[in-house]
Each structure stands twice: as C-alpha cells, then as structure tokens.
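In: Sharing a model that was predicted from the sequence below.
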Amino acid sequence: MASLLTVACAEGGDEDRPESEVLVQASHHLFALLSVAEFSEFPLNPGEAGFDRGILVMQDDGRYRVSRDGQTSDTDDYALEESGALSIFVNQGARRPIIRFSGAYGLQGDTGRYYFTDRFSTTEAPAIGLFWGTRIVSGAPNLEGAWHVFSQHLIYGTASSLLDPNNVGRTLGGRLSIDSAGMVAGVGVQSGGVNVDLSGTAQGFADSRADLNLVYADPQVTDTRAFFCGVDRNLMLGVDEDEADGESGLIALVRHRTTAADRSALAGTYHLGVHTVFVSPSRPGTDVAQGTLTFNATGGFSLEAVGADGESFSYSGTYLLADDGALSLSVPGTNENWRGAVDQDYRTVVVADAFIEDRTAPKPPELNLFFGIREVPAPVTPALVPGEASGAAPDAPR
C-alpha cells in the first residue's frame, strides 16, 4: 500500500495552517499501521491493509520531509503547539484540500517521541492509520534489561479462516527480558485470555534502530513476528510489516522503572493516540482516534477521544500502579481490565485493551492500543492581588 503521507486524506479541507509555536530540528524513525475502516470480507484481505516505514525530518523553519528507501518527499509544514499538540500538513496540489494529520510530540522532558493519526477515509484513499516513532540518535541502543511489551495485530486469511475474533485481530500485554547476547524471553496475555510465551532475538543498530524477532507461542500455535523499531532509552516503538506470514501490526516496549512509582508523579493529562480493531468476523474493521488520557493522584483515570467517524467516546475507571511502572486499569460496566505501563520519567504511557466484549450492537467487540504523550501544562496566570487591576499599579496606600 502506498504511503498515506502522499495519497490519503486526514481531517480534510482545513486550509488554515497555523505557524508552529515550537520549532524542532531532528530526524525521527517513522512507523505506521494502515488499513480500511471496514474490511470487505473475512478472513481479512492483506490488500486492504498496509504499513509505512521511513525517516521523518523536522526542520527548524517549520517544515518537514519524509525519506523512504532513499527517496525523499517534498517539504511541507508542521505546527507544534507549546502543549505538545502536533499537526502534520500535506499539500495535495491545486484545487485539492490541504490535509492534516493530528497527534502529539514529546516536549515535556524533550523526549522527541511522537505520534499522529490519519482519521479520514475516502473512496480514492480508504485507509486510516496510526503513525509513531522516536528521535534518531547516534549509537546503538542498549536493549539489555526488563521491558513491558504491548502489541496489536491484524490477522489475515493466510493464518486461519475459523470464525473467531482472534482471527481478525489480536492484542497482547506482557513482559520480557533481553540479555546481553540479545536473547529474548518473556510471557504475555493475548486477547481472549490466551497465555503466550515469548522468545526470540533483539539486535540494535548504530542509528538507534532495533530489530525484534519474536516468537509468540500459545497452547495451539507458534507464530514468528519480525518488528522494525526505533529506540529512545526507555521506549521502543515499531511495526511488523510482514503481511506474508499472516499478520501485520504495531509494538511498543516500555523499560521497567528502577525506582518506586509515585501516583502523584503519574497524575496529569496525556495526549492520546488510539488504534482499534473491531474483531467480529461478521463486521471486521479498524478505527483510529485522537484524544486525552488523564490520571489523578488517587487512583482514578478518564479517557476521551474522537474516532475516524467523528464520533466521540469516553472511558473512566480506576488504576493500580506498580513500582516497575506496570499499570492495571479497571473499567466498570463491562468489567474490563487493561494492561499498561508508564516510563521512568512519567512522560509516556502505553495501554493495551485485550478484552473482547460480548456484544454485537451498536458496534462489534473491539481491541485497543493506546499511546499517550504527556501534555505540557499551560502557564499558570498569577492571581490578582485584591484591589489590583490587570495591567495597572495597585492603589497607593492610604
């Protein structure tokens, strides 16, 4: 599938290009999972899904370009707000609307992590998708250690044709370790409550990229999945683009914290990108959403987002935070439990919803992968002293 940054529409028709409040000069790994909102058949046809992989270069003149396989796109505008909200603009040419991909960039702590969403589908370009990545730095990354791991995959007809939600999409939350030789060992729980053993290899490269070859082994099948990832110290983000082996998907790893976790440090609002797979074999599809995720210091959370169809949705509930950064989110009503993790500096949150609801209407059961980047709070305006008018000197003492 061709890159959505060159052919698709997102939040179409917005001719207003605000100037960027923050300018960035950096190169970033770029990964994406793309697919149609409604698949035409089950088993899923890999021709209705795809991926993107390249290098996103943001320039300090408010322009960006994307390089893939030695070819570089024309430059276009980006707009980065002081809060970390990010807009990527694409000029489609004369008499066609300027399009915008909305997301966030890690300004709190200057992480350089980012995501943006394509949430607009047309007949010409029917796919929607979630893009994400990390800043490129010089030197091979240190992969050794313990990691939280989260992945989400679309499953194609080459894998299985049984009428089962797990043959539409699969989401996993777990943990793994990488030793000094790059050997991987771990465990996870996949959608449907399936326990999975994880093994494989990890290799880092001088451009802060890593290859993960992971074996997912459940009681019935063993599946090998190859991921291309970018690494930023405590975070790995990547994509599995090999459709030929029966699936393609996204992966995120968060390194285990090394100090006791603090709910008051977690508390705050995160810009949120969401990738959803609707896993009913009779109504398979995907969605991509943009919103916010807020934690309070007393164990509560709330989530609000808007999907590709323009409809808003929300969740709220309670959470537990372990010292290694593991999050357990409980959603009442459907009695869902989601697995997640926060990084060492409370700048990035990843959450996997691997719960398959028992429902058919008004929408089919879904699996979600959430990616949050901490919002930079707006400056606090000093309170006025009683008797003092804004912009004027206080009254003289009597």
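Out: Happy to help now that I have it.
In: low-scoring pLDDT stretches of the chain, where are they?
Out: 1-16, 93-97, 122-124, 158-160, 360-361, 383-398 (pLDDT under 70).
In: What segments of it are helices?
Out: 4-7, 263-266 (DSSP state H).
In: Give me the residues contacting the last one.
Out: What that stands for is helix 263-266. 295, 297, 298, 299, 321, 342, 346 (CB atoms under 8 Å, 6 or more residues apart in numbering). C-beta here means a position set from N, CA and C on the backbone, and glycine is covered the same way.
In: Which single one of these is nearest to residue 81?
Out: Nearest to residue 81 among the contacts of helix 263-266: residue 346, at 20.4 Å, using CB to CB.
In: For the residue nearest to residue 80 when sequence neighbours are not counted, give me its contacts.
Out: Distances taken as CB to CB, 6 or more residues apart in numbering place residue 22 nearest to residue 80, at 4.4 Å, with adjacent residues excluded. For residue 22, the contact set (CB under 8 Å, 6+ apart) comprises 80, 81, 82, 105, 107.
In: Isn't residue 51 up against residue 33?
Out: Yes. Counting by CB atoms under 8 Å, residue 51 does reach residue 33; the two are 5.9 Å apart.
In: Identify the contacts common to those two.
Out: Contacts common to residue 51 and residue 33, judged by CB under 8 Å, 6+ apart, are 239, 248.
In: higher neighbour count, those two?
Out: A side-by-side neighbour count of residue 51 and residue 33, using other CB atoms under 10 Å, places residue 33 first with 28 against 21.
In: Who are the contact partners of that one?
Out: 49, 51, 129, 130, 152, 154, 239, 248, 249, 250, 275 are the contacts of residue 33 under CB under 8 Å, 6+ apart.
In: Mind doing that once more with 7 Å?
Out: Contacts for residue 33 (CB atoms under 7 Å, 6 or more residues apart in numbering) come out as 51, 129, 130, 239, 248, 249, 250, 275.
In: how close does the fifth one sit to residue 33?
Out: For residue 248, the distance to residue 33 (CB to CB, to the nearest Å) stands at 6 Å.
In: What of the last one?
Out: From residue 275 across to residue 33, the span is 7 Å (CB to CB).
In: shared neighbours, these two?
Out: Common neighbours of residue 275 and residue 33 (CB under 7 Å, 6+ apart) are 130, 250.
In: what's the neighbour count on residue 197?
Out: 15.
In: Number of residues surrounding the closest residue to it other than its chain neighbours?
Out: Leaving aside its sequence neighbours, residue 197 sits nearest to residue 217 (CB to CB, 6+ apart; 4.5 Å). Number of residues near residue 217 (other CB under 10 Å) recorded here: 15.
In: Need the distance between the two termini of stretch 226-241.
Out: 8 Å (CA to CA, to the nearest Å).
In: which outside residues touch it?
Out: Counting by CB under 7 Å, 6+ apart, 29, 31-33, 51, 53, 111-113, 132-135, 141, 153, 204, 208-214, 225, 242, 247-255, 343-344, 348 sit against stretch 226-241.
In: go on, stretch 64-79?
Out: Against stretch 64-79 from outside (CB under 7 Å, 6+ apart): 3, 5-6, 17-20, 30, 54-58, 62-63, 86-91.
In: could you redo the last one with a cut-off of 8 Å?
Out: 3, 5-6, 17-21, 30, 52-59, 62-63, 86-91.
In: Buried subset of the residues you listed as a ChimeraX selection?
Out: A single ChimeraX command selects the buried members of those (16 or more other CB atoms under 10 Å):
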select :3,5,17,20,30,52,53,54,55,56,57,58,62,63,86,87,88,89,90
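In: that older thread, format the contacts of residue 33 as TSV; extra columns: distance to residue 195.
Out: Compiled in TSV, the contacts of residue 33 are given as follows (distance: CB to CB, whole Å):
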residue	distance to residue 195
51	28
129	30
130	27
239	25
248	23
249	19
250	21
275	23
